[in-house]
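A.B. asks: Show me how the following folds:
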Amino acid sequence: MDLDDQQSLARGWFEQLRDLICAEFEAIERAAGSDACFTYTPWDRTDPAGIPGGGGVRGVMKGRVFEKVGVNVSTVGGTFEGEFGKTIHGAADDPRFFATGISLVAHMANPHVPAVHMNMRFLRTTKQWFGGGADLNPPLPVAEDTEAFHDALRRACDAHDATYYPRFRKWADEYFFIPHRNVHRGVGGIFYDHLEGDFDAGFAFTQDVGRAFLDIYPRIVRRRMEEPFTAGDIATQRAWRGRYAEFNLVYDRGTLFGLKTGGNIDAILMSLPPLATWE
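C.D. replies: Below you'll find the predicted structure:
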C-alpha cells in the first residue's frame, strides 16, 4: 500500500467514526426529548507559503443532554514554520508534513454525566505514525463509570498487545495532569503517540480504540443523564470546567499543533466549556 492509499484510508476511517459518533449522540438527544442535531461547518487551510493545505469539517451540537459537543475531522499538510518543526517527530530536517485525525470534546448539561475527550490521528513527516487516546473527565466521579470506561479501553488494548494498556494508561495519567494545580484533569484513560512501524497494525489498533469509545461512552451517558442534580453540583461542575480550560490552553499538544499549523480557530478552541467559573 503506498502512502497516498494509507492517508486516504486513515482519513476515511476518521470520517466514518465521526458519522457513527454523531448519529449516536443525536439518538441520545432524541431519547431525552430533544431535536438537537449537529451543524457542520467546512473550513479550508492555507499553508504559510500560500499553498492550499487541506482543511476539515467542524461539527457542533448543543442540546438537552450535550450542553456542548464538538467533533472535528481535519486533514492538513504543508510545512512547519521555524523552530516548531524541530519539536515534531521526524520533522527536524524536513519540515514537510501531512496529518489527518478526529478530535472530540463533550461538555454535558447534567454534572453527573462525565465530560469526555477523544482524539486519534495519523501523521507523516520523514516518519509516519498513529497517536491518540480517550480520557474521562467527570466533575462528580463515580467508580462504576470509571471502571467501565477503563475496562473498555483495556480490552481494546489487550486485543493487540498486553503491554499497551498499562503503558498507555500511565502515559495518560502523566499527560492529563495540571502541574500548577497539582491535580489530574480527570480519571484518566489511555494516551499513545508515535505508534510507528506496521501501518496495518497501528491502523487496526486505532480503529479498535475508536470502536471501544463508541461503545462505552454513550452507555455511560444514558446511565446518568436523567439523574437529579443540585445547584451545588452545577457549581462543582463549573469550577472543574475552569481547570479543564486551563489545561487545554496551557498544556494541550493538540491545541498548540493546531495554532502552529494554521488550523481553524473555532475548531481548535471548541474544547473549551460553554460556562466555567474561577473562584
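
A.B. asks: Residues contacting the helix or strand that contains Asn248, please?
C.D. replies: Secondary structure assigned from DSSP states H and E places Asn248 in helix 231-250. Contacts to helix 231-250, defined as CB atoms under 8 Å, 6 or more residues apart in numbering, come from residues 107, 111-112, 115, 137, 139-140, 176, 178, 180-181, 183, 185, 255, 271-273, 275-279. Every C-beta, even on glycine, is put in place using the N, C-alpha and C of the backbone.

A.B. asks: show me where the stretch 1-150 of the chain has helices.
C.D. replies: In chain order, the stretch 1-150 of the chain shows helices spanning 3-31, 143-158, with DSSP state H, counting those that start in this stretch as the criterion.

A.B. asks: Quick check: Leu123 touching Ala91?
C.D. replies: No: distance between Leu123 and Ala91: 9.3 Å, which falls outside the contact criterion (CB atoms under 8 Å).

A.B. asks: Now do the shared contacts for the two.
C.D. replies: Taking CB under 8 Å, 6+ apart as the contact definition, Leu123 and Ala91 share the neighbouring residues Phe97.

A.B. asks: between the next helix or strand after the helix holding Asn248 and helix 231-250, how big is the angle?
C.D. replies: Along the chain past helix 231-250, the next helix or strand (assigned with DSSP H and E) turns out to be helix 253-260. The directions of helix 253-260 and helix 231-250 differ by 50 degrees, with axes from the mean of the first three to the mean of the last three CA atoms, to 10 degrees as the criterion.

A.B. asks: What is the next helix or strand after helix 253-260 packed up against?
C.D. replies: Past helix 253-260, heading to the C-terminal end, the next element that is a helix or strand (DSSP H and E) is helix 265-268. Of the remaining helices and strands, those touching helix 265-268 by 3 or more CB pairs under 8 Å, 6 or more residues apart in numbering; DSSP states H and E are strand 39-46, strand 52-61, strand 66-79, helix 253-260.

A.B. asks: Thank you, goodbye.
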